[in-house]
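Chemist: kindly return the folded structure for what I paste below:
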Amino acid sequence: MEAREGRIGNAFACERCRKHKVRCVPSEAAGICQRCQKARVECIEHVARRRPAKPKMVVQPTNKVVEMEKRIEKLHAIVTSTTAPSVASSTPSSTLPPTATIPSQSVELSRRTSTPAPIVSSAPPLPIVKTPILPNPGSTPESALSFWESMNDAVTGLGRLDPVIWSISIIHMQSLLETYRSMTEFFPFVLLPRECFCGDLIQQRPIFLFAVLTVASFDSSQLQVSLSREFRKVVMVKMMKGEKSLDLLQGLLVFIAWHHHYMDTQAASVHLLLQICVGIAGDLGLDNIPSRSRSPVQKDDVWHREAKRAYLGCYYLTSSLSLLESGRTRSMSHSSTLHIFAREIADAWEYRSDAIVPILVDMCQFMEDVEDTFGHHSEPALVTKAQLKRLSEKWDHMQSATKAQANDYRTLRWIQLVARTHLYKATASLDIYDRDSMPWVSGFQLSQRITCLRCVEQFLEYSLQLSSSEYELLSITDWLALVAGLTTLAKLVLHTSAMPGWDPIELQISKTFEYFRDQLSTQMPRQDSQDHGEDLFERFRRNTAIMKMAVKASPERNSPNGSTFELATGSGRTVSLLQELPPLKPNGVSNDSDPLPAPWKVSPQFDISSQEFLWRFIKGSL
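Modeler: So this is what the prediction gives:
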């Protein structure tokens, strides 16, 4: 009865007490209760029988849960790993294979075909810790150090890399990699598979990884500027050595796609970088990649799909950016090869965003069609009307056929509105040389100018639907389109010619500009107080504040001679009113008590009618 000492109850009663249903009380003697001792009978201990356990319902984890647990395990393995880096990861990036031996991504294929590792339920989950912008250099694992060593070896002779970027640990790299995945919604031409981690990129695609770290570090302008400066050094050395690879091309495309975050007036321009990309694509023969076999058994390998996406990305950037400057020769024009590549990418549907790649390419072709049709700036009235009807119906058909996709992808709806605005902006600025012989032309031109205004308003209204964090993810084409929309409103106030029925005061264009400018400035992210220097959004607020001042001070018409920087005097002479402006506060208000200057007193650098205005805007050189 030792088992029931100190524990009185029916559950531990002996057989005799249980039979009589009485309380079993232990006696002073061991192994016998008081009742059995008094009756002088053997006290038989009761052996309790355990009931069989009920079968439990086993809930199978969902695919998302399994995928998340796999990623947590791999991250945990990366953090806890203390093994020395492999030979491949320690090899300097300067020894990357040349054009003929471009590395394929066989590792990625083997990952997809292999059996997934079992989930270890006993592994503790990783604590949620916010990665600092500049991690402690002492915590940098050896694999991260080997990566920076290889980059440092690539720029031998140009000095060592900036010490700031040496502090980026493997954990910080992985965090920036996840940030980049969310950025690809606005540039779906260089993508990452979900099972790809920093270790894979360090070994196989080091230049692309360097570019990803640069574009995804927008939280720290100091770190991003340092990374962009060193990235340019690495690319320059590789180009001078004649090295060309898909890794280098993809890295350059990513670097250009978010170049507005780290514009440098002293560095190579975006157009020059795009020329380099087009040259690399031509040297690699990306325009001659064989089309996918019609047999369902034979499919393109991973390298071919990545190469086709990169080639389409070259076209997307060159086409979109060249349209911002009329008269600039396009480095790439639409071709049947681009159409075939886009369709093959969509049919393979390796990634979710592959479905919209053909639509983006078609929109670029549409804007090229508009530029080729109305690029001469002078057309007869009947031809202009017929061409406008053709292009307008084409846009309506493309928009109605892609409504479902436009609701899921912001960048698709964005470029659709940009294309429509581009159409009516081209027709509104067109010179119809036979308008005097046709009385209906003046009304036609007025309707095009008003339609252009409404298109800009619709586009800017859609831009306000973005969350604060999404403005950080916009690609350079989307950001320039946003700045161009506000600039078009200002031009309609300051630089439009007189026309019967056109009244900017009645249309309240100045108030419209002020409304959208203030709303965008409020919604865009604010710079961290600990971060020094002017970031992209502070530059936007500063430049648009001056534009707001100019638009509000405008008499809603041009100056007599068509220049906003000159004023005709009573004697018939034209005098310049250019002068140095007092410093401005962020809201556009002068620091002294003087009233706001007239728009023609603004510096000539701020001439919004110039084709270089948009680039000066994002460079901050106004």
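
Chemist: residue 540 reaches residue 525, doesn't it?
Modeler: No: counting by CB atoms under 8 Å, residue 540 stays clear of residue 525, with 10.6 Å between them. Just so you know, the C-beta spots here come from the backbone N, C-alpha and C atoms, and that holds for glycine as well.

Chemist: the two: who's more crowded?
Modeler: Higher neighbour count among residue 540 and residue 525: residue 540, with 24 against 17, using other CB atoms under 10 Å.

Chemist: state the mean pLDDT of the helix or strand hosting the more buried one.
Modeler: Element membership for residue 540, per DSSP states H and E: helix 536-553. Averaging pLDDT along helix 536-553 gives 89.

Chemist: does anything pack onto that helix? Which helices or strands?
Modeler: With contacts defined as 3 or more CB pairs under 8 Å, 6 or more residues apart in numbering; DSSP states H and E, helix 536-553 has these neighbours: helix 476-494, helix 509-523, helix 613-619.

Chemist: next, the angle from the second one to helix 536-553.
Modeler: Orientation check (axes from the mean of the first three to the mean of the last three CA atoms, to 10 degrees): helix 509-523 against helix 536-553 gives 160 degrees.

Chemist: tell me the contacts of residue 472?
Modeler: 218, 525 (CB atoms under 8 Å, 6 or more residues apart in numbering).

Chemist: these two touch, right, residue 308 and residue 343?
Modeler: No: in this structure, residue 308 is not within contact of residue 343 by CB under 8 Å, at 10.3 Å.

Chemist: residue 318: which element?
Modeler: helix 302-322.

Chemist: got it, and residue 278?
Modeler: helix 270-283.

Chemist: relative to helix 302-322, how tilted is that helix?
Modeler: Angle, helix 270-283 to helix 302-322, by the same axes, to 10 degrees: 150 degrees.

Chemist: mind listing what's buried in helix 270-283?
Modeler: For helix 270-283, a neighbour-count test (16 or more other CB atoms under 10 Å) marks 270, 273-274, 276-278, 280-281 as buried.

Chemist: and the residues you listed as CSV, adding distance to residue 508 and pLDDT?
Modeler: Formatted as CSV, the buried residues of helix 270-283 follow (distance: CB to CB, whole Å; pLDDT from 0 to 100):
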residue, distance to residue 508, pLDDT
270, 35, 92
273, 41, 94
274, 39, 94
276, 46, 94
277, 43, 96
278, 44, 95
280, 49, 95
281, 47, 95
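
Chemist: nearest to residue 171 among those residues?
Modeler: Taking CB to CB as the measure, residue 171 lies nearest residue 273 of the buried residues of helix 270-283, at 30.4 Å.

Chemist: contacts only, for the closest one.
Modeler: Residue 273 sits next to 252, 255-256, 259 when contact means CB under 8 Å, 6+ apart.

Chemist: secondary structure for the residues you listed - can I get that in JSON lines?
Modeler: JSON lines is the format used below for the contacts of residue 273 (DSSP: H, G, I helix; E, B strand; the rest coil):
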{"residue": "252", "secondary structure": "helix"}
{"residue": "255", "secondary structure": "helix"}
{"residue": "256", "secondary structure": "helix"}
{"residue": "259", "secondary structure": "helix"}
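
Chemist: neighbour count for residue 308 and residue 343, which is higher?
Modeler: Neighbour count, other CB under 10 Å: between residue 308 and residue 343, residue 308 has more, with 25 against 15.

Chemist: now the more buried one. Nearest residue, chain neighbours left out?
Modeler: residue 341 (4.4 Å; CB to CB, 6 or more residues apart in numbering).

Chemist: now do the phi/psi pair for residue 33.
Modeler: phi -90, psi 170 (degrees, to the nearest 10).

Chemist: separation between it and residue 45?
Modeler: Remark: distance between residue 33 and residue 45 (CB to CB, to the nearest Å) = 10 Å.

Chemist: show me which of those two is the more surrounded one.
Modeler: Neighbours were counted for residue 33 and for residue 45 using other CB under 10 Å; residue 33 has more, 25 against 16.

Chemist: quick one: contacts for the more buried one?
Modeler: Counting by CB under 8 Å, 6+ apart, residue 33 has contacts 1, 13-14, 17, 24-27, 43.

Chemist: top of the residues you listed by neighbour count?
Modeler: Busiest of the contacts of residue 33 [other CB under 10 Å] is residue 24, holding 24 neighbours.

Chemist: in a helix, that residue, correct?
Modeler: No: Residue 24 is assigned coil when assessed by three-state DSSP, not a helix.

Chemist: that one reaches residue 14, doesn't it?
Modeler: Yes: Residue 24 is within contact range of residue 14, at 5.5 Å (criterion: CB under 8 Å).

Chemist: so what's residue 378 up against?
Modeler: By CB under 8 Å, 6+ apart, the residues touching residue 378 are 430-433.

Chemist: repeat for residue 610
Modeler: residue 616.

Chemist: which strand or helix spans it?
Modeler: Using DSSP H and E, no helix or strand contains residue 610.

Chemist: measure it to residue 371 for me?
Modeler: Taken as CB to CB, the span from residue 610 to residue 371 is 19 Å.

Chemist: do residue 454 as well
Modeler: 21 Å.

Chemist: ok, those two, which is more surrounded?
Modeler: Neighbour count, other CB under 10 Å: between residue 454 and residue 371, residue 371 has more, with 17 against 12.

Chemist: so that one makes contact with residue 325?
Modeler: No: here residue 371 does not reach residue 325: they are 10.7 Å apart, not a contact under CB under 8 Å.

Chemist: quick one on the thing from earlier: hey, C-alpha coordinates of the helix holding residue 278 in CSV?
Modeler: Extracted C-alpha coordinates of helix 270-283, given in CSV (Å, rounded to 0.1, in the frame of the first residue of the first chain):
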residue,chain,number,x,y,z
VAL,A,270,20.2,56.0,-66.8
HIS,A,271,20.2,56.1,-70.6
LEU,A,272,23.9,55.2,-70.8
LEU,A,273,23.3,52.3,-68.4
LEU,A,274,20.4,51.1,-70.6
GLN,A,275,22.7,51.2,-73.6
ILE,A,276,25.1,48.9,-71.7
CYS,A,277,22.2,46.5,-70.9
VAL,A,278,21.1,46.4,-74.6
GLY,A,279,24.7,45.8,-75.6
ILE,A,280,25.2,42.9,-73.1
ALA,A,281,21.8,41.4,-74.3
GLY,A,282,23.0,41.5,-77.9
ASP,A,283,26.4,40.0,-77.1
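
Chemist: once you drop chain neighbours, what's closest to residue 329?
Modeler: Nearest residue to residue 329, sequence neighbours excluded (CB to CB, 6+ apart): residue 322, at 7.6 Å.
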